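Q: Fold the following.
(one chain, ligands or ions: 1)
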Amino acid sequence: MRADDSSSSSVALITGAGKGIGLEVARQLGERGMTTIVTARTCEQSQAAAERIGGAERDIRAKTLDVTDQASVEQLKAEIEDEFGRLDVLVNNAAAFVNWSETALTADLEAASAVLATNLFGAWRMCQVFMPLLRRSTHGRIVIVSSGAGSHGEQQFGLTTGGGSVASYGISKAALNALTAKLAAELAGTGILVNAVCPGFTATAPGIKAMGARPIPEGAASVVWAATLPDDGPSGGFFRDGQPLPW
Ligand SMILES: NC(=O)c1ccc[n+]([C@@H]2O[C@H](COP(=O)([O-])OP(=O)(O)OC[C@H]3O[C@@H](n4cnc5c(N)ncnc54)[C@H](OP(=O)(O)O)[C@@H]3O)[C@@H](O)[C@H]2O)c1
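A: Presented below is the predicted three-dimensional model:
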């Protein structure tokens, strides 16, 4: 696959695409001609999302998916295998977080476990279950939507900033980065490229635009870059806007 050729026959799946960056990633991939599977936790949400970004020239499908639920993931895999026989692009975008004031010492560990169940184990489960379909692609791409919050070197929101705030979220993203490195090493030579991407501080919540968050299409483009890498593109890296980020 060339960088500018996202092959109109490609099939892309985005988790947590009912709104926010995931929805916009789906829109941008659909615009490039990919068959794009918009997933959300409820049928109503995924259908409404697909309708929002669909159109005569785009092939947007709606599916239900909860990444924490093994049966839900396996059901979706069976449907996609039945309909397409393979998957070309998997964007692990779904995420949960507790709140900005949560620290490692104050965290409710049940709530922190729920964050890890979605952010880390949800993406991990998706990669495991969908691997047989990705292996059938001639240009498989896995994008792990991470965050500067999981970086040791990111100056604004990284692990060592903010007095340790947003603890479980940052820890989950650091673990996702480690998962990216492990998957990329295991898949070396298969043609499947695996990268972690930070969309940057993006205005998906009310009020944060005023704090400097950038427009959703810009954050989504950072993700789409990794979903549409050429065959000789990088694997096992951590990027924002196509530039390496410190782990
Ligand atoms: N916005 C930023 O500034 C920023 C910065 C760095 C990284 N990121 C990352 O970018 C990605 C998208 O963030 P966003 O800002 O667009 O957040 P968002 O609007 O909260 O979207 C997150 C999506 O994940 C879904 N989700 C949560 N739990 C799920 C589950 N168990 N199964 C399936 N879907 C689930 C949510 O669905 P519901 O509607 O059902 O809750 C929602 O659609 C996340 O990975 C986030 O960590 C965002």
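Q: CA only for contacts and neighbour counts going forward, please
A: Will do.
Q: Just list the residues touching the closest residue to Ser101 other than its chain neighbours, thanks.
A: Distances taken as C-alpha to C-alpha, 6 or more residues apart in numbering put Ser165 closest to Ser101, at 5.5 Å, once the chain neighbours are dropped. Taking C-alpha atoms under 8 Å, 6 or more residues apart in numbering as the criterion, Ser165 is in contact with Trp100, Ser101, Glu102, Thr103, Ala104.
Q: How many residues are close by the nearest residue to Phe201 once chain neighbours are set aside?
A: Leaving aside its chain neighbours, Phe201 sits nearest to Ala213 (4.9 Å; criterion: C-alpha to C-alpha, 6+ apart). The number of residues packed near Ala213 is 16, by other C-alpha atoms under 10 Å.
Q: Likewise for the one 10 residues further on?
A: Using other C-alpha under 10 Å, Val223 has 33 other residues around it.
Q: Give me the phi and psi for it.
A: Main-chain torsions, Val223, degrees, to the nearest 10: phi -80, psi -40.
Q: does it really touch Val25, like I thought?
A: Yes: Val223 lies in contact with Val25 (C-alpha atoms under 8 Å); the separation is 7.0 Å.
Q: before we move on, back to that, wait, which of the contacts of Ser165 is closest to the ligand?
A: Nearest to the ligand among those is Trp100, at 12.4 Å by C-alpha to the nearest ligand atom.
Q: Find the nearest non-adjacent residue to that closest one, please.
A: Spatial nearest neighbour of Trp100, excluding adjacent residues (C-alpha to C-alpha, 6+ apart): Val166 at 4.8 Å.
Q: roughly how far apart are the one you found and Gln70?
A: As defined by C-alpha to C-alpha, to the nearest Å, Val166 lies at a distance of 27 Å from Gln70.
Q: who has more neighbours, these two?
A: Higher neighbour count among Val166 and Gln70: Val166, with 21 against 14, using other C-alpha under 10 Å.
Q: okay, that one: pLDDT?
A: Among the per-residue scores, Val166 holds a pLDDT of 96.
Q: Let me know whether it touches Leu105 as I believe.
A: No: at 11.2 Å, Val166 does not count as touching Leu105 under the criterion of C-alpha under 8 Å.
Q: where does this structure dip in pLDDT?
A: Low-confidence segments of the chain (pLDDT under 70): 1-8.
Q: so where do the strands sit in it?
A: Applying DSSP state E to the chain gives strands spanning 11-14, 35-40, 60-64, 89-92, 141-145, 193-197, 238-240, 243-244.
Q: is the first one anywhere near the ligand?
A: No: for strand 11-14, no contact with the ligand is found by C-alpha under 6 Å from any ligand atom; the gap never falls below 9.4 Å.
Q: Can you spell out which helices and strands pack onto that strand?
A: helix 20-31, strand 35-40, strand 89-92 (3 or more C-alpha pairs under 8 Å, 6 or more residues apart in numbering; DSSP states H and E).
Q: List the contacts of it.
A: By C-alpha under 8 Å, 6+ apart, strand 11-14 touches 22, 25-26, 29, 34-39, 84, 86-93.
Q: likewise the longest one?
A: The set of residues that contact strand 35-40 without belonging to it, under C-alpha under 8 Å, 6+ apart, is 8-18, 23, 26, 29-30, 46, 49-50, 58-66.
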